[in-house]
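K.L.:
predicted structure and sequence below. I'll ask about it afterward.
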Amino acid sequence: MISEIRKEILSNIEKEMIINRLTKGEREDGRGLFDFRNINIIPAPVEKAEGSAFVNLGKTKVLVGIKVSPASPFPDTPNEGIFVINTEFSPVASPLFELGPPSEYAIEVARIVDRIIRSSEMIKLEELAIIPGELVWMINIDVYAIDDNGNLIDASLIGALAALYVGYLPRVEIIDADRKKIEIIKEEKRPIPLKDMPVSFTFAKIKDILLLDPTRVEENIMDARLTLAINNNGEICSVQKGEGGGFKLEDILLAKDIALKKANDIRKIVNDQLVKKPRGEEAWNEIRGLSYGSNKKS
Amino acid sequence: MMVVLMKNNLILFDEKGRRSDGRRWNELRPVNMVVGVLERADGSAIVETGRTKVLAAVYGPKEMYPKHLAMPDRAILRVAYRMASFSVEERKKPHPSRREIELSKVIKEALEPAIILEDFPRTVIDVYILVLQADGGTRVASINAASLALADAGIPMRGLVTAIAVGRLGNQIIVDLNDLEDKYGDADMPIAYIPATGEITLFQMDGTMPPAMFDKCLEVAIETLNKIHEFQKEALKSKYIITKKKMN
């Protein structure tokens, strides 16, 4: 069993060069230490899904899809819907990923995204009951990594948010409540009831340098990782520290200040892209176009 | 005189010779193929036939682990065909189904004859296929994508592998079956073919087929495959045309 995220081994000279440049505030892709990469969201490309989004965070790509189905509620929350987040980090996205059951890393990412959505109470679970106490909607959110060029955590959250925002629930006709008999009318849709949009910020610590939104190369040499999520009210709604190294108190406070300062900007970027972008078959034109843009290093 | 074919209140073939999605019997759905779509993989391609969307990634030739599985005289080809959970109507659980395992095997065997495996003893070539949306014909789209991704990875091949499904609605032959035609049609026959060597490397059928139609189906399939082979070659070339444009 792999205990942490698998990393590629960089030569000492390459590692030193990157660290030297970072101490001068320079990153391999020309960003400042606390700049986020470009976010490009293509909403709802998958017509078979009840919600979907293709997300580019720089060169990192994820495809998130939502399937909804009627299910029995949990006994302790009989009137609330259920949502489950699952990550599939298959070798399509990276030579370091393997086939088989999700790795510890993939499960950690799914749990972080789950916790952010749960803590921010983004999904109005109480509006997901079909027959209260008997039948509720279950929302399955599946995150597929397509190309891993670093920071799958933030990319996965953005993908999940976007898929939820463009997602829908079909109308349900209750035929016999006692026998849990219902009819699902796919043609009549209503949006998934949502009330918040949390955003997350993942930082990496390399030697004594703190930086935001690490690329794959930066992830390879990072000592520690910190994710902070911010909800609509400007509260911190989830935290996860990762990897073997540690953070100083001042690093954490600095990261928190940066996250709070940038939360509204990122939320606006996500919101803006959700309203204006093409959907369905048209979305694939854009996905195809992006593919061309990212042709090998040539 | 065309016969209207109806199953479960669905018109599969109308009196004007149109199929459920408006196509003629031998008409293909819109095909899109793009090569080199992934940064991390050694080779990659996305192939779309209508609403069916398939992504393929290739790694290798690389060292084989565990070592005792390596062959002293050739490379080993491994293929994994997987469907995204949201690619179908009912959510598909992520762990591989028996269907996915069988398809991985037949796709591997469809690709193997095209690759010059003897050039890379003791190594392995991995092909990962992810179906992003399924609307009939995912195994043939997978073969088309995988063969492009192998070429994109620079792996020496005898030729590209090209695939299509043909089938039967009553006494009507149809080409490139969509999901409805696959479910309610009378026969579905996916075929893969290497135009460069003339070999058929995947051949399956379910349903029933009178012998005379069987012959005709194969004939129609080969005709269509030659067409798709041209699309594949174009997709491969256009990657380099774009690269050249960028350099100038």
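P.N.:
Arrived safely.
K.L.:
which secondary element of chain A has the worst mean pLDDT?
P.N.:
Scoring the helices and strands of chain A by mean pLDDT, DSSP states H and E places helix A:281-293 at the bottom, with a mean of 76.
K.L.:
got the contact list for the closest residue to chain A within chain B?
P.N.:
Residue of chain B nearest chain A, by CB to the nearest CB: residue B:86 (2.9 Å). All C-beta spots, glycine's among them, are computed from the backbone N, C-alpha and C. Applying CB atoms under 8 Å, 6 or more residues apart in numbering or on different chains, we find residue B:86 in contact with A:46, A:48-49, A:52, A:65-67, A:140, A:142.
K.L.:
and the gap between it and residue A:88?
P.N.:
Residue B:86 is 11 Å from residue A:88, where distance means CB to CB, to the nearest Å.
K.L.:
what do you get for residue A:57?
P.N.:
Residue A:57 is 17 Å from residue A:88, by CB to CB.
K.L.:
next: residue B:106.
P.N.:
23 Å.
K.L.:
ok, now residue A:95?
P.N.:
For residue A:95 relative to residue A:88 (CB to CB), the value is 16 Å.
K.L.:
got CSV for the contacts of residue B:86, with neighbour count, distance to residue A:198 and pLDDT too?
P.N.:
Output for the contacts of residue B:86, formatted as CSV (neighbours: other CB atoms under 10 Å in any protein chain shown; distance: CB to CB, whole Å; pLDDT from 0 to 100):
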residue, neighbour count, distance to residue A:198, pLDDT
A:46, 26, 23, 96
A:48, 21, 27, 94
A:49, 29, 22, 96
A:52, 30, 20, 96
A:65, 29, 20, 98
A:66, 26, 17, 98
A:67, 24, 22, 97
A:140, 21, 19, 98
A:142, 27, 19, 98
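K.L.:
ranges for the strands of the chain?
P.N.:
The chain I'm using is chain A. Ranges of strands in chain A, per DSSP state E, are A:39-43, A:51-57, A:60-71, A:82-88, A:129-131, A:135-147, A:168-176, A:181-191, A:199-206, A:209-212, A:224-230, A:236-242.
K.L.:
could you do chain B instead?
P.N.:
Using DSSP E, strands in chain B cover B:5-7, B:10-13, B:31-35, B:43-49, B:52-63, B:76-83, B:123-133, B:162-169, B:172-175, B:187-194, B:199-203, B:206-207.
K.L.:
least reliable of those going by mean pLDDT?
P.N.:
Of all those, the minimum mean pLDDT falls on strand B:5-7 (a mean of 71).
K.L.:
can you list the strands that that strand pairs with?
P.N.:
The pairing partners recorded for strand B:5-7 under DSSP bridges are strand B:10-13 (antiparallel).
K.L.:
the spatially most central residue of chain B: what's it in contact with?
P.N.:
In chain B, the centroid-proximal residue (CA atoms, centre = their mean) is residue B:140; its distance is 2.2 Å. When contacts are counted by CB under 8 Å, 6+ apart, residue B:140 is found next to B:49, B:163-165, B:190-192.
K.L.:
neighbour-wise, which of these leads?
P.N.:
Greatest neighbour count in the contacts of residue B:140, by other CB atoms under 10 Å in any protein chain shown, goes to residue B:192: 29 neighbours.
K.L.:
the residue nearest to residue B:161 when sequence neighbours are not counted: neighbour count?
P.N.:
Of all residues not flanking residue B:161 in the chain, residue B:147 sits nearest, at 4.1 Å (CB to CB, 6 or more residues apart in numbering or on different chains). Around residue B:147 there are 31 other residues, counting by other CB under 10 Å.
K.L.:
then residue A:235?
P.N.:
Residue A:235: 13 neighbours (other CB under 10 Å).
K.L.:
tally up the residues packed near residue 24, please.
P.N.:
Here I'm looking at chain A. Quick note: residue A:24 (other CB under 10 Å) scores 6 neighbours.
K.L.:
other chain: chain B
P.N.:
Residue B:24, neighbours per other CB under 10 Å, totals 12.
K.L.:
partner residues bridging residue B:43?
P.N.:
Under the criterion used (DSSP bridges), residue B:43 bridges to residue B:58.
K.L.:
correct me, but residue B:122 touches residue B:64?
P.N.:
Yes: assessed by CB atoms under 8 Å, residue B:122 is found in contact with residue B:64 at 6.3 Å.
K.L.:
and those two? Which one has more around it.
P.N.:
residue B:64 (19 against 15).
K.L.:
circling back to that earlier point, neighbour count: residue A:57 and residue A:88, which is higher?
P.N.:
Remark: of residue A:57 and residue A:88, residue A:57 carries more neighbours, 25 against 21, as counted by other CB under 10 Å.
K.L.:
ok, and the closest non-adjacent residue to whatever residue of the stretch 51-200 of chain A ends up closest to chain B?
P.N.:
Nearest residue of the stretch 51-200 of chain A to chain B (CB to the nearest CB) works out as residue A:65 at 2.9 Å. Excluding the flanking residues, the one nearest residue A:65 by CB to CB, 6+ apart is residue B:86, at 2.9 Å.
K.L.:
who are the packing partners of the longest helix along chain B?
P.N.:
Using DSSP state H to define each element, chain B has its longest helix at helix B:211-247. Counting contacts by 3 or more CB pairs under 8 Å, 6 or more residues apart in numbering or on different chains; DSSP states H and E, helix B:211-247 packs against strand B:31-35, helix B:138-152, strand B:162-169, strand B:172-175, strand B:187-194.
K.L.:
so of the ones you listed, which one's packed in deepest?
P.N.:
Across these, averaging neighbours per residue (mean count of other CB atoms under 10 Å in any protein chain shown) puts helix B:138-152 on top, at a mean of 29.
K.L.:
that one to strand B:76-83, inter-axis angle?
P.N.:
Using axes from the mean of the first three to the mean of the last three CA atoms, to 10 degrees, the direction of helix B:138-152 lies 130 degrees away from that of strand B:76-83.
K.L.:
please identify the buried residues of the longest helix of chain B?
P.N.:
B:213, B:217-218, B:220-222, B:224-225, B:228-229, B:231-233, B:235-236, B:239, B:242 (16 or more other CB atoms under 10 Å in any protein chain shown).
K.L.:
how many other residues sit next to the closest residue in space to residue A:54 that isn't next to it in sequence?
P.N.:
In space, and not counting its chain neighbours, residue A:54 is closest to residue A:42: 4.2 Å by CB to CB, 6+ apart. Residue A:42 has 24 neighbours, counted by other CB under 10 Å.
K.L.:
tell me how far the residue of chain B closest to chain A lies from residue A:163.
P.N.:
9 Å.
K.L.:
overlap in contacts, those two.
P.N.:
Contact criterion CB under 8 Å, 6+ apart; residues bridging residue B:86 and residue A:163 by contacting each: A:49, A:52, A:65-66.
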